[in-house]
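Participant: whatever this is, show me its structure:
(one chain, ligands or ions: 2)
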Amino acid sequence: MKPVLPMNICYGGDWNPDQWPAQTVDEDIQLMKEAGVNLVTLGVFSWAKLEPEPGVYDFEWLREIMDKCAAAGIYVDLATGTASPPAWMAKRHPESLPVTKEGVRLAFGSRQQYCPSSAVYKKHSRELAARLAAEFSDHPALALWHVNNEYACHVHGCYCDACEHEFQEWLAEKYENIEALNHAWNTYFWAQIYSDFSEISLPRLAPTFHNSAQMLDHARFVDAQLLGLFDAEASELRAASDIPVTTNFLGDFPHTNGREWAKHVDIVSDDSYPDPAIPGSAHEVAFTADLMRGYKGGAPFLLMEQTTAAVQWRPQNSPKRPGQYSLWSLSRVAHGADGIMQFQWRQSPGGAEMMHSGMVAHSGKKSRWWPEVGELGKQLESIAPVLGGRIDARVCVVADWDSMIARSVTPGPNTVPAAFTAARKWHRTLWEKNIATDIVGIEDDLSKYSLVIVPEIFIDYPEFATRLEEAVARGAHVLVTAPTGVVTPDLRAVTGGYLGSLSELLGVCVTDHSVNSPGAWSFESDLDPRVDRITRSVEVPSAAEYRDLEVRSPLLQRALDQIGSPRPTPRGGVWGEYVMAVKEADEFTDPMWLSDEVEVLAQFGYESDLGGWPAITRRKVGSGSAWYVATNLDAVGRDALIRVLSAYARLDISGATLPDGIERVTRGLVTFYLNHSDKAVQLAGVTGYDLISKATATGHAVVAPRSAMAIVAKPVS
Ligand code: GLA
Ligand code: ZN
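Facilitator: Numbering: from 1, shown residues only. Ligands and ions are numbered 1, 2, ... in the order given. Model prediction:
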């Protein structure tokens, strides 16, 4: 993919000049130059102005602005504006408005109010994209096409009759005959057998649980439906020129399958709003950036939206702390971004987003944030040598959208929200140690990794299992965590022992799940242990939030000793499993007798009914190994395990000993030291030239609170 701006890191934001009098445009451009802005996103919400009446277009005002951008040397990311159809569409075609599960038609007056199968929406959105392409493809300012905006951010699934019909067609195409669907969905239970695709409903409000396979297929359908809208617009844009096309993702937002979408865009772009009031937000920046970078095999991406200071959509909206806007932006670049864009350039004068920060605040240049806006512009300019640089990771964490959805729609053993929780946690453990990590999908090439982490991949994929076997055979180390391999891609149960096709590699299978339910019971209810003599004697170990693990491996013990004294006990979470060696899996036998190949590194503690059962196992295969963790390990357990695995996988964990708060990331020729703490941090052994302070480091460096250094071997001309 050719870069959006060949020589510079992109910097700018959504610019919605349609909100202000025309003279503000010149002032804006002047301020953009001051701030170092080189790219603006135009027209994201301009449909009503571009097509004021059906089929009547007005591009003149936009052309004037784009001409001014070109004259000022500012590039344009031109949006197709199709995320918010005009009032006339809602008025004349009420069927274009989306319907909720409950059957309520949503009203005009907000945004994203379109039904994805609405013929009128499809026609007009595609036509608008085609007209914009015809008008502006040759415009000198145009650098990038921006289709729609954050697909599914508010409306994930429309439940109208037209969508139901599209769902039926999608299913008919997927399954070809109704018997195949009946089998996949196991409709033989609860009398759900269908004799024709036309009998199938959308998962509208129903008496109780929907068929979970239907829910999974519905999520896939909604995703495909929206991707179809993207493709329709993108094909119009691509027919007119070879300007790259993007649409802005929302991190690991679960309602679209980002990895699939990434195949359809020319450059990945992402919107990200970590909450400054949460300490984990420093990691959120790294995690979402690594996720985006992984979508196209390590290729750079754009941060399409973040806020300068605060958002307005949380109940409480804290601003970033001094320096944090720059710090997080630089972290984003360190992890693979080639552009840092904000929502939005100038803070709205009214409407729902009036209180959302902009690069230019309501108070204009008097704002406390304005100097930081300019400072980041300069910093991005000076770290341009990072462009073209890649991150060399030897570890990957696998994230799989279908598995995440499958687990979230499956009632029991514990129903969890659709989120990459486990992938995030393992990624964070690695990040805390400054171990460069890629986030990959189940189809990605694993050949460069010496450690592969497979966290909670609910679906059993035989081909993926084969590729993991190949990785281990060439000496890699694979760590699989529970629950993995529980269902087939159709969402039918894996039978004969969970872990399915991974059992052979791991040497174990899972016979049963045993999940705790903390909070399910409390004596605050109408029960009093002083008088309720039977109830008070009923023991409920499954009320515990954690389960202590007993470590059997000396290596793991040593790793725990390093954490401090007294040695912390690793703990599992609510998820627990009965694990057996595959060789003995035909019948229920003594759990502690695993095959010669499979060692038990830790077992569940005896305070729970799983006491003595394996919690962490390992099977060595040549110089590689396959590890299984039968619970959701806590931070201490993950830390110790990663230390042990790093030794086997020969990973550089020198970054783990850097002072508190320091994130170190190397991208290409540049090594970033990002200080997330409130204290100035002294760093020994840093030599080279800091692109940001433009000073040479000779073995000793000080990084100010919430600031960064970007070190290269020598000054770059
Ligand atoms: C999203 C949208 C923007 C804006 C921001 C506010 O990212 O794409 O239009 O509403 O949220 O944070
Ligand atoms: Zn619909």
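Participant: any weak-confidence spans in the chain?
Facilitator: 1, 522-524, 584-593, 717 (pLDDT under 70).
Participant: how about the nearest residue to the most centrally placed residue in it, chain neighbours excluded?
Facilitator: Geometric centre of the chain, nearest residue: residue 252, 2.1 Å, by C-alpha atoms, centre = their mean. Sequence neighbours aside, residue 420 is the residue nearest to residue 252 in space, at 5.0 Å (criterion: C-beta to C-beta, 6 or more residues apart in numbering). Glycine gets a C-beta too; all of them are placed from N, C-alpha and C.
Participant: would you list the phi and psi of that neighbour?
Facilitator: The phi and psi values for residue 420, taken as degrees, to the nearest 10, are phi -90, psi 50.
Participant: residues from the stretch 151-300 of the chain in reach of ligand 1?
Facilitator: 271, 273 (C-beta under 6 Å from any ligand atom).
Participant: who does the residue of the stretch 151-300 of the chain found nearest ligand 1 bridge with?
Facilitator: Using C-beta to the nearest ligand atom, the single residue of the stretch 151-300 of the chain nearest to ligand 1 is residue 271, 4.1 Å away. For residue 271, the beta-bridge partners are residue 305 (DSSP bridges).
Participant: so who does it touch?
Facilitator: Applying C-beta atoms under 8 Å, 6 or more residues apart in numbering to residue 271 gives the contacts 150, 248, 249, 250, 251, 303, 304, 305, 306, 343.
Participant: what about it, distance to ligand 2?
Facilitator: For residue 271, the distance to ligand 2 (C-beta to the ion, to the nearest Å) stands at 25 Å.
Participant: do the same with residue 56
Facilitator: Counting by C-beta to the ion, the gap from residue 56 to ligand 2 is 26 Å.
Participant: same question, residue 406
Facilitator: Distance from residue 406 to ligand 2, by C-beta to the ion: 24 Å.
Participant: longest helix anywhere in the chain?
Facilitator: Criterion DSSP state H: the longest helix present in the chain is helix 212-240.
Participant: name the next helix or strand downstream of it, please.
Facilitator: strand 245-246 (DSSP states H and E).
Participant: what's the closest non-adjacent residue to the residue of the stretch 551-700 of the chain found nearest ligand 2?
Facilitator: Closest contact between the stretch 551-700 of the chain and ligand 2, by C-beta to the ion, is at residue 575 (37.0 Å). Of all residues not flanking residue 575 in the chain, residue 632 sits nearest, at 4.7 Å (C-beta to C-beta, 6+ apart).
Participant: just checking, that neighbour is part of a strand?
Facilitator: No - counting by DSSP: H, G, I helix; E, B strand; the rest coil, residue 632 is not part of a strand but coil.
Participant: do I have it right that it meets residue 416?
Facilitator: No - Residue 632 is beyond contact range of residue 416, at 10.1 Å (criterion: C-beta atoms under 8 Å).
Participant: higher neighbour count, the two?
Facilitator: Per other C-beta atoms under 10 Å, whichever of residue 632 and residue 416 has more neighbours is residue 632, with 23 against 16.
Participant: how close does the more buried one sit to residue 294?
Facilitator: Between residue 632 and residue 294 the computed distance is 23 Å (C-beta to C-beta, to the nearest Å).
Participant: cool, residue 651 as well?
Facilitator: Distance from residue 651 to residue 294, by C-beta to C-beta: 18 Å.
Participant: do a quick rundown of the helices in the stretch 251-400 of the chain.
Facilitator: Ranges of helices in the stretch 251-400 of the chain, per DSSP state H, counting those that start in this stretch, are 258-262, 281-295, 324-334, 370-382.
Participant: and the angle for the longest one with helix 324-334?
Facilitator: Between the axes of helix 281-295 and helix 324-334, defined by axes from the mean of the first three to the mean of the last three C-alpha atoms, to 10 degrees, the angle is 30 degrees.
Participant: not including adjacent chain positions, what is the nearest residue to residue 153?
Facilitator: Residue 153 sits nearest to residue 250 (C-beta to C-beta, 6+ apart), 6.0 Å away.
Participant: residues near the one you found, how many?
Facilitator: 20.
Participant: so how far is ligand 2 from it?
Facilitator: 21 Å.
Participant: thought that residue was touching residue 156?
Facilitator: No - Residue 250 is not in contact with residue 156 according to C-beta under 8 Å; the separation is 11.0 Å.
Participant: secondary structure element holding the spatially closest residue to residue 582 that is not a sequence neighbour?
Facilitator: Nearest non-adjacent residue to residue 582, counting by C-beta to C-beta, 6+ apart: residue 503, 4.9 Å away. Under the criterion of DSSP H and E, residue 503 resides in helix 503-506.
Participant: quick one: buried residues of the helix or strand following that helix?
Facilitator: Counting by DSSP H and E, the next helix or strand C-terminal to helix 503-506 is strand 508-513. Within strand 508-513, the residues scored as buried using 16 or more other C-beta atoms under 10 Å are 508, 509, 510, 511, 513.
Participant: need those in JSON lines with distance to residue 207, can you?
Facilitator: Formatted as JSON lines, the buried residues of strand 508-513 follow (distance: C-beta to C-beta, whole Å):
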{"residue": "508", "distance to residue 207": "39"}
{"residue": "509", "distance to residue 207": "36"}
{"residue": "510", "distance to residue 207": "32"}
{"residue": "511", "distance to residue 207": "33"}
{"residue": "513", "distance to residue 207": "26"}
